[in-house]
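Model the following, please.
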Amino acid sequence: MSQLDELLSLLETPSGKHAATMAAEATKNYRWTPNPGPQTEAYFSEADELFYGGGAGGGKTDLEIGLALNEHDRSKIYRREGTDLGSIVDRTTEILGSTDGFNATTKRWRLGDDKLLELGSCVHEKDKFSEQGRPHDLKAFDEITQFTRTQYEYIIGWNRSTRAGQRCRVVCAGNPPSTPEGQWVKECWAPWLDKTYPNPAKPGELRWFTNDGSKTVWVDEHWRGTDADGNEIIPKSRTFIPALLSDNPELGSDYRSKVQAMPEPLRSQLLYGDFNVAEEDQANQVVPTAWVRAAQERWKPETDAMMMTMGADIAQGGGDETVLSPLHEGGYFAKQIVKPGVETPGGPEAASLVVINVRGGAQINIDMGGGYGQSTYDHLTENNILCEKMVPAGKSNERTKVGDLEFVNRRAEWHWKFREALDPKDSPTIALPPDERMVADLCAPTWMLTPRGIQIESKEHIKKRLGRSPDRGDSIIMAHGAERLDVEKNKSIELMLGVGAHANAGWMGA
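Okay, here's the model as predicted:
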């Protein structure tokens, strides 16, 4: 009988005892007992994927260890850096009272009842592949915002058990992300963490989801779908349960005083579990996060302004996204059009997507980095659609507004000019839509000053940090990066094709 079943049986028994006393009786024979409040709620949560935490000192690591010791046969707790596992070893030893059964080389505890608790890390993106074929009924991530989304989603693919009746679940613990790279967590738990989410969820409430490519799609509990092979898709459940220092009676005023002494925004993030305070920027970050957030504050759902350009970052198959970013007069960016790369496997499909969404003769700025945009460019130009090739490695003849510095290439120029357009001292008008992944993409690149001028961090390096391609940010940069050419030709093409403000039809067989 699981601990939850034991507790429920007690609650169903006629008794005058307080529920907390019953819970204590249900847990008295176990190695670890959760504190009353959020930790107990998290312990008994039925979510397939639980995110617990927010504030510092809420007993996050204890929850993961306790679940492994009490409820699961095969457990693994991950930290991004292997050097950070020492604190988990120490705390587990403290709970058990000894290191009996622990192998310091493999970082495994072999416990009674044939239980196994492993500790592991995933420093580099490729390290996730070492988890292939290694099932655990508990996959726990300590400080989840330090992992990439692709690491997380790959590893939990082996959250399973061969023993009938054994519950399988994923538990994530952590504080609010302090860098743009961790913002994916806000997207995955948007109903609880994103203040702009239209249908917010209560702490502990279950919401069901499935994945569309690399995007979370929230669905009804009873929703069912099919994959490309005809297999049934059953949604999983997620929830978030906040925990603060005040919820943990084992940590006193000394720990609180240390957190209170930290600088902002870290203080609010750790003390109050605030997921909506300003992120801490990297050294030499090209676009300050606060400037992007300010541009989002200027955004409204609709505009009457004419569409000027559309940035197109094209993915042909694979795991990346095709992203279109419409830029309207006055600096207004409409919501991005995002499709999984598998939906635009070639130039005709991507070109059709562009034509369906372009308005007012807008110029299409196509990212030619990597060569994926060439076929789309060919199909559009062959049909007299106004396009501009955006070649990141091309030579730049521009200079910075302040300091009169040169740029190593066009990519550096485009990123820096976008930075200058957001600079608050120049009363910017750029308005960006609400999208946490777009924010992370725009704020991820760093820069350095070389003998040839300003150089932007390579896209490959950014992909390693983010765990994915920064397609949404690149599409914004493409839309903003080039001058318009000749819109009158595009307007006539729209009329001829019957596309534009009132068109929703496909084109070229889309």
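
Residue 240 and residue 187: what is the separation?
Per Cβ to Cβ, to the nearest Å, residue 240 is found 13 Å from residue 187. (C-beta placed from N, C-alpha, C; glycine too.)

These two: which has the busier surroundings?
More neighbours surround residue 240 than the other of residue 240 and residue 187, with 28 against 19 (other Cβ atoms under 10 Å).

Which residues does that one form beta bridges with?
For residue 240, the beta-bridge partners are residue 51 (DSSP bridges).

sorry, back to before: find the residues that touch each one of residue 240 and residue 187.
Residues touching both residue 240 and residue 187 by Cβ atoms under 8 Å, 6 or more residues apart in numbering: none at all.

And the helices in the stretch 101-250 of the chain?
For the stretch 101-250 of the chain, the helices defined by DSSP state H, counting those that start in this stretch cover 149-155, 184-188, 190-193.

can you redo those helices as CSV with mean pLDDT and distance to residue 425?
Below are these laid out as CSV (pLDDT from 0 to 100; distance: least, Cβ to Cβ, whole Å):
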stretch, mean pLDDT, distance to residue 425
helix 149-155, 92, 35
helix 184-188, 89, 29
helix 190-193, 92, 31
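
how about the strands in the stretch 301-450 of the chain?
307-313, 321-328, 332-333, 337-340, 363-367, 387-390, 447-450 (DSSP state E, counting those that start in this stretch).

where's residue 284 relative to residue 454, distance?
Distance, residue 284 to residue 454, by Cβ to Cβ: 10 Å.

Overlap in contacts, the two.
The contact lists of residue 284 and residue 454 share 447-448, where a contact means Cβ under 8 Å, 6+ apart.

Compare those two and say which is more crowded by neighbours.
Shown here are residue 284 and residue 454; by other Cβ under 10 Å, residue 454 has more neighbours (22 against 11).

Tell me who's in contact with that one.
Residue 454 neighbours (Cβ under 8 Å, 6+ apart): 400, 405-408, 412, 416, 447-448.

run the last query once more with 10 Å
For residue 454, the contacting residues are 286, 396, 399-400, 403, 405-409, 412-413, 415-416, 447-448, by Cβ atoms under 10 Å, 6 or more residues apart in numbering.

and those residues, which are buried?
Buried members of the contacts of residue 454, scored by 16 or more other Cβ atoms under 10 Å, are 286, 396, 400, 406-409, 412-413, 415-416, 447.

Widest-spaced pair of those residues?
Distances among the buried ones among the contacts of residue 454 were taken as Cβ to Cβ; the most separated pair is 286 and 406, at 15.8 Å.

Relative to residue 154, how far out is residue 131?
Distance of residue 131 to residue 154, computed by Cβ to Cβ: 7 Å.

same question, residue 166
22 Å.

domain assignment for this protein?
Domain ranges of the chain: 1-30, 38-272, 289-497, per automatic domain parsing.

Identify the single longest helix in this structure, thanks.
Counting by DSSP state H, the longest helix found in the chain is helix 410-422.

any idea of the mean pLDDT for it?
Mean pLDDT, helix 410-422: 96.

Now residue 40: closest residue in space that isn't a chain neighbour?
Nearest residue to residue 40, sequence neighbours excluded (Cβ to Cβ, 6 or more residues apart in numbering): residue 34, at 4.5 Å.

Let's see the pLDDT reported for that neighbour.
93.

Residue 60 is in contact with that one, correct?
No. With contact defined as Cβ atoms under 10 Å, residue 34 does not count as touching residue 60 (11.7 Å).

Give me the common contacts of the two.
The contact lists of residue 34 and residue 60 share residue 42, where a contact means Cβ under 10 Å, 6+ apart.

With neighbour numbers in mind, choose between the two.
Set side by side, residue 34 and residue 60 show more neighbours around residue 60, with 26 against 22, by other Cβ under 10 Å.
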